[in-house]
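Asker: Need a 3D model of the sequence below.
(one chain, ligands or ions: 1)
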Amino acid sequence: MPTTSQNASGLTLGIDLDGVITDAPDFFSAWTHSWPGKVIIITFRSDRQKAIDDLASRNIKWNELVLVDRFDAKAEIIEEKNVDLYIDDQPEMLINIKSKTHVMLFRNGGNYDFDEKKWMLSEQTGKLVC
Ligand SMILES: [Mg+2]
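Answerer: Okay, the predicted model is just below:
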């Protein structure tokens, strides 16, 4: 289990854009503005200016914006940038992130069945434990 012993001002927060910031913009606006360390937005997009505009329209405070073009690239960026806490809504993006990084899976209609009250996972991302 990773532990956090640093002062929060030295901690880097990483956040996915689509399905995370887009689903709770007020929450992430408040969080990014109060976060004392660096904020890196890591998104599976190709249009940088559209991502910048979308962050601006949601009043998100950020230090770096990284666009990736494949699933594994997010874990590589998280390692390279020493991200301490990362939030994403797709479990596929999380499987190769090293244990030193805290991870939060953001719930939305794409990964959670609200009628059945169950997470939706694939064989690659989930394991039933009972
Ligand atoms: Mg997403």
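
Asker: Averaged pLDDT, stretch 30-41. What do you get?
Answerer: Taken as a whole, stretch 30-41 has an average pLDDT of 97.

Asker: what's the closest residue to the ion within the chain in contact with, if anything?
Answerer: Closest approach between the chain and the ion, counting by C-beta to the ion: residue 19, at 3.6 Å. (C-beta placed from N, C-alpha, C; glycine too.) Residues in contact with residue 19 (C-beta atoms under 8 Å, 6 or more residues apart in numbering) are 89, 90, 106, 108, 110.

Asker: Most neighbours among the residues you listed, please name it.
Answerer: Greatest neighbour count in the contacts of residue 19, by other C-beta atoms under 10 Å, goes to residue 89: 22 neighbours.

Asker: ok, now how distant is that residue from residue 66?
Answerer: To residue 66, residue 89 is 17 Å away according to C-beta to C-beta, to the nearest Å.

Asker: What about residue 118, how many residues nearby?
Answerer: Neighbourhood size, residue 118 [other C-beta under 10 Å]: 9.

Asker: Not counting sequence-adjacent ones, nearest residue to it?
Answerer: residue 112 (7.3 Å; C-beta to C-beta, 6 or more residues apart in numbering).

Asker: number of nearby residues for that neighbour?
Answerer: Residue 112: 17 surrounding residues under other C-beta under 10 Å.

Asker: The one 10 residues further on too?
Answerer: For residue 122, the count of nearby residues is 8 (other C-beta under 10 Å).

Asker: one step back: inside strands: which ones of the contacts of residue 19?
Answerer: Per DSSP state E, strands hold no members of these.

Asker: Show the backbone phi and psi for the residue of the chain closest to the ion.
Answerer: Per-residue torsions, residue 19: phi 80, psi 0 (degrees, to the nearest 10).

Asker: List the buried residues of stretch 24-40.
Answerer: For stretch 24-40, burial by neighbour count (16 or more other C-beta atoms under 10 Å) applies to 24, 25, 28, 29, 31, 32, 35, 37, 38, 39, 40.
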